[in-house]
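Q: could you work out the structure for the sequence below:
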Amino acid sequence: MLLIDNPEMPPLRGGPPLRWGTVGAGLAAGWFVTGLHRHTDHRVQAVVSGRPERAREFAEREGIPRTHPTVEALLEDESVDIVYIATPNSTHAAIAEECLRAGRHVLVEKPFATTAEDARRILELARERGLLALDATWTRYQPKSAVVRAVIARGDIGTPLRVEAALGHVSDIGSTRRQFDPTLDGGVLFEMGIYSVDIAVRHLGLPSRISTTGVVGPSGVDVEASVEIEFATASASASASFVSAPSNRAIITGTEGTIEVADQFVLGNTVIVDGRHGQGVWIDQTLPGPDGLAWQAVHAADYIARDLVESPLHPHVETIATIGVLERARHELGVTTH
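A: Okay, here's the model as predicted:
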């Protein structure tokens, strides 16, 4: 039996706390704030939403002391150190730029931007200003991802050669929700496919070529997609769907074994290793489900305390590469980015 140690993680409590502002009051913002307040010493000081009543209800429910009518007003609030951006996809880059120019660090919900050029521009601005711009692809910061990195680093599966990742669930593709709104850059690639592409880039490096097949729904956004990605010495299959329920797991195959991130590889908690030193299972017993979004916050606090402008766990070049793959895949499906 292969022994898999618990990874070293920054402390949820007792580390440097940050004072947060939140732009957006939807589902993702609710998950983030709930996990943050439940498990860390960080606190959200203010929230802004395009719908003021929604902001007030959100603030009351989450114990946030203030609401603001605009992002500009939020950025005038001196109690805010860092801004979490959880708005529709098409607005992420512009809001991130506004926050950075006002001297605030940012944590930007996925997708960090909708084009590789916008991602590069925002990250360069953050570096110029000496600020942290963190891509909120939260799987990078989960304990199970630290376990996978450690298993690969010690050679248990040899050299990674292939990643296969699939994520999806059946949705009403005729819905008017933001996920299906082309003017907001909705679609399954930005909603779920980003996780499948990210885990490939994380473990295989920078992609060299892609090929995409998929389905465009009635509103004009991608509702199912499969992206074959070539790397220098490896390959990946990254897929996502709003019209079927795939395996919802990620498998990393190496020259001497495999790692499976099971139980819905984004929200789940299980890592299964079958490698040259034997078989083993590791189960995360820290933060359940979306409460794990809080790990991003404690990592952000650690980076800011160390004056870092780039996450060691998510280098800028990998954010840009992942957005580039998604941008190209959407183009190959005939989906327009706004």
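Q: residue boundaries of the strands in this structure?
A: 19-23, 43-48, 66-68, 82-85, 105-109, 133-136, 160-168, 209-216, 222-230, 235-241, 250-254, 257-262, 270-275, 278-283 (DSSP state E).
Q: what is the neighbour count of residue 107?
A: Close neighbours of residue 107, defined as other Cβ atoms under 10 Å, add up to 27. In short, each C-beta sits where N, CA and C put it, glycine included.
Q: that one is in contact with residue 137, isn't it?
A: No: with contacts defined as Cβ atoms under 8 Å, residue 107 does not count as touching residue 137, sitting 10.7 Å away.
Q: let's have the strands of the chain in a markdown table, adding distance to residue 327 and mean pLDDT.
A: As requested, those are exported to a markdown table (distance: least, Cβ to Cβ, whole Å; pLDDT from 0 to 100):
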| stretch | distance to residue 327 | mean pLDDT |
| --- | --- | --- |
| strand 19-23 | 23 | 98 |
| strand 43-48 | 28 | 98 |
| strand 66-68 | 32 | 98 |
| strand 82-85 | 19 | 98 |
| strand 105-109 | 16 | 98 |
| strand 133-136 | 15 | 98 |
| strand 160-168 | 18 | 97 |
| strand 209-216 | 10 | 98 |
| strand 222-230 | 11 | 98 |
| strand 235-241 | 14 | 98 |
| strand 250-254 | 22 | 98 |
| strand 257-262 | 25 | 97 |
| strand 270-275 | 30 | 97 |
| strand 278-283 | 34 | 96 |
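Q: can you list those strands in a markdown table and add distance to residue 36?
A: Shown next, in a markdown table, are these (distance: least, Cβ to Cβ, whole Å):
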| stretch | distance to residue 36 |
| --- | --- |
| strand 19-23 | 7 |
| strand 43-48 | 7 |
| strand 66-68 | 16 |
| strand 82-85 | 9 |
| strand 105-109 | 11 |
| strand 133-136 | 12 |
| strand 160-168 | 24 |
| strand 209-216 | 35 |
| strand 222-230 | 31 |
| strand 235-241 | 27 |
| strand 250-254 | 26 |
| strand 257-262 | 24 |
| strand 270-275 | 25 |
| strand 278-283 | 24 |
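Q: residue 202: which of those strands is closest?
A: The minimum distance between residue 202 and those falls on strand 160-168, with 8.6 Å, by Cβ to Cβ.
Q: identify the residues contacting the closest one?
A: Contacts of strand 160-168 from elsewhere in the structure, counted by Cβ atoms under 8 Å, 6 or more residues apart in numbering, are 152, 188, 192-193, 195-197, 199-200, 203-204, 224, 233-255, 264-266.
Q: I appreciate the help and will end here.
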